[in-house]
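Participant: dropping the sequence and predicted coords here.
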Amino acid sequence: MAKDIVILGIETSCDETAAGVVKNGKEVLSNVIYSQINVHKKYGGVVPEIASRKHIEAISFVVEEALNEAKLSLNEVDAVAATYGPGLVGPLLVGLSYGKALAYAKGKPFIGVNHIDGHIAANYIGGNLTPPFVCLVASGGHSHIVYVKDYGEYKVMGKTLDDAAGEAFDKVARALGLGYPGGPAIEKAAKLGNMEAIEFPKSFMEEGNFDFSFSGVKTAVLNYLNRQKQKGEEVNIYDVAASFQRNIVEVLVKKLVEAARFKNVSKVSIAGGVASNGFLRQKLEEDAKKFGLSVYYPEKIYCTDNGAMIAAAAYYDFVKGKFSGMDLNAIPYLKIGEK
Amino acid sequence: MKVLAIESSSRTAGVALVDDNGIVGEYSINYLKHSVILMPMIDELLKRCGVSIRDITHIAVSEGPGSFTGLRIGAATAKGLAHALNIPVVGVSSLLSLAYNVSEFDGLICPILDALNGQVYGMLVRGKDFEVIEKQDVYSIEEISKIVENYSDKVLFVGEGVNVYKDSIYEILGDRVLFAKDKDNMARASSLGEIAVLKIKKNEIINFFDFKPVYIRKSAAEIRFGGEGS
Ligand SMILES: [Zn+2]
């Protein structure tokens, strides 16, 4: 076997200041995440300027801790990687500028990583998933169904036409008074409710179209809450949460399974913050089994935004000798598969 | 001592190399693409000066006030370089650095940067001895003019804010004020570097972990939320 490749990955695209060290794209030596959730909670969502300020305060500590936990010095790292998009431009610029400076001063290669690429690569960590497969990437910022042909080679099969899945969770959670972030709050509340209680409309699109839309169900939930309020009827928020969650999960799972069968692959995976939803995992296991598909998902800690996934994704660029220039800029609307 | 100075608080992106003998080299680009050009400029400057990044002893950076994003690009770059090299950072006020462009002026120097909404980031510095006599803050044009009126000296306004507020300042203060030339209104990494050398001699350095920009202003969300916050 060739020499081990150790990469330091930095991630600051949203509200997590994160850094991780990964060996050969699979073995995590460290994964340090400083979450700002408590800072943004009172605003009901991520405030970009506040996030950027927190990133610049935390970044050196987070990077240093990642190296310490990995028991490595910067000299022993083979390359530095950082997310350069998609994401919030202010936050992205902190990690990207930091990563470029680190790499430059140490004379190491620098690799700019697409954040979505990172989420997908989280599936390779510690596991034995290999392309080709179809992956659902769902979080507060993105919802994509991606055909992963080979490492770093993607084709987007479908995406949300409006709200991201995580975004819909956030908005409904807020309407239900469950707080922020919405995903875990809805999942928790849903456990106490009857998921068959209310039938919200599902948008499936036509056969062979893998796009989805979540603004319809979100509006339906909000309308339902208004109607009940006007009628003076009490709302069972647990039933609403459970029914809403079932609606979203059924759409996501159906699309993912269809996409895998369309591409004739035997493996499906999920990634991104929404992939830590237990009900989604369970439903996917059930439905995928019916079609003989094997299911993969990262450990929960690698579903949220983290530095290890960025280092994991960068590994495949490293072995191909694909490095970024010192003039790399942040690209807030970077598309998947774009370099 | 070899100081690499990084200026990105406003429109100008600049890098300079300053040592005990003075300015070794400087690049300035007056075009907003800081995240794209800063690192290549550093690389080019060091190459042309025949200096390796490993020979740098301090990273100086404009700590603010100024463009929030610009400040963070500079800060992240400075912290990253200092982290890799394990050397200290020297934060220099972007306003003080602007005043340094015209430090020989015999009178008062008022560096200003546009803070939008009819406001400026400003301070007041006595020329020649280069002493700060009014601390940096956000001021309306009326407020900064009122402060200037407390002194009888001639006042030279300098900085990017001059182009924006020249007329309204002149309207209030009249002939006792002067305005710096365009070349001096540009933020200069060399000025920053020279002030940094003075600060290093007084041991006014900071470790890269703790360095962060001085924004003066809170974020809009914090202000809307009622002023509390970080
Ligand atoms: Zn993400």
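Facilitator: Yep, that arrived.
Participant: please make it C-alpha for all contacts and neighbour counts, starting now.
Facilitator: Fine.
Participant: sketch out the low-pLDDT regions of the chain for me.
Facilitator: With no chain named, the answer covers chain A. Applying pLDDT under 70 to chain A flags the ranges A:1, A:338-339.
Participant: chain B was what I was after
Facilitator: Short version for chain B, where the test is pLDDT under 70: B:226-230.
Participant: so which bits of chain A are right by chain B?
Facilitator: Counting by CA under 8 Å from any CA of the partner chain, the residues of chain A close to chain B are A:43, A:47, A:49-50, A:52, A:56-58, A:60-61, A:74, A:90, A:93-95, A:97-106, A:326-330.
Participant: next step: those restricted to strands.
Facilitator: Among the residues of chain A next to chain B, the subset assigned to strands under DSSP state E is empty.
Participant: ok, of the residues you listed, which come out buried?
Facilitator: Among these, those classed as buried by 16 or more other CA atoms under 10 Å in any protein chain shown are A:47, A:49-50, A:52, A:56-58, A:60-61, A:74, A:90, A:93-95, A:97-106, A:326-330.
Participant: show me the residues you listed that map onto helices.
Facilitator: Using DSSP state H, the members of these that fall in helices are A:49-50, A:52, A:56-58, A:60-61, A:90, A:93-95, A:97-106.
Participant: now do the SS call for the spatially closest residue to A:Asn31 that is not a sequence neighbour.
Facilitator: Of all residues not flanking A:Asn31 in the chain, A:Gly20 sits nearest, at 4.1 Å (CA to CA, 6 or more residues apart in numbering or on different chains). A:Gly20 falls in the strand class when you classify it by DSSP: H, G, I helix; E, B strand; the rest coil.
Participant: ok, A:Gly20 touching A:Glu27?
Facilitator: No: look at A:Gly20 against A:Glu27 with CA atoms under 8 Å: they stay out of range, at 10.7 Å.
Participant: which one's more surrounded, the two?
Facilitator: Ranked by neighbour count (other CA atoms under 10 Å in any protein chain shown), A:Gly20 and A:Glu27 place A:Gly20 first, with 30 against 16.
Participant: ok, now which ones touch the more buried one?
Facilitator: Going by CA atoms under 8 Å, 6 or more residues apart in numbering or on different chains, A:Gly20 touches A:8-10, A:28-32, A:63, A:66-67, A:306-311.
Participant: and the gap between the most centrally placed residue in chain A and A:Ala121?
Facilitator: Nearest residue to the geometric centre of chain A (CA atoms, centre = their mean): A:Gly272, 2.3 Å. Applying CA to CA, to the nearest Å, the value for A:Gly272 to A:Ala121 is 10 Å.
Participant: swap in B:Leu71?
Facilitator: On the measure of CA to CA, B:Leu71 and A:Ala121 end up 32 Å apart.
Participant: check B:Phe68 too.
Facilitator: 33 Å.
Participant: thinking again about what came up before, pretty sure the residue nearest to the centre of chain A contacts A:Cys303?
Facilitator: Yes: applying CA under 8 Å as the test, A:Gly272 and A:Cys303 come out as touching, 4.7 Å apart.
Participant: overlap of the contact sets of these two?
Facilitator: With CA under 8 Å, 6+ apart as the test, A:Gly272 and A:Cys303 both reach A:His119.
Participant: count of neighbours near the nearest residue to A:Tyr296 once chain neighbours are set aside?
Facilitator: Sequence neighbours aside, A:Ser269 is the residue nearest to A:Tyr296 in space, at 4.5 Å (criterion: CA to CA, 6+ apart). Counted with other CA under 10 Å, the neighbours of A:Ser269 add up to 26.
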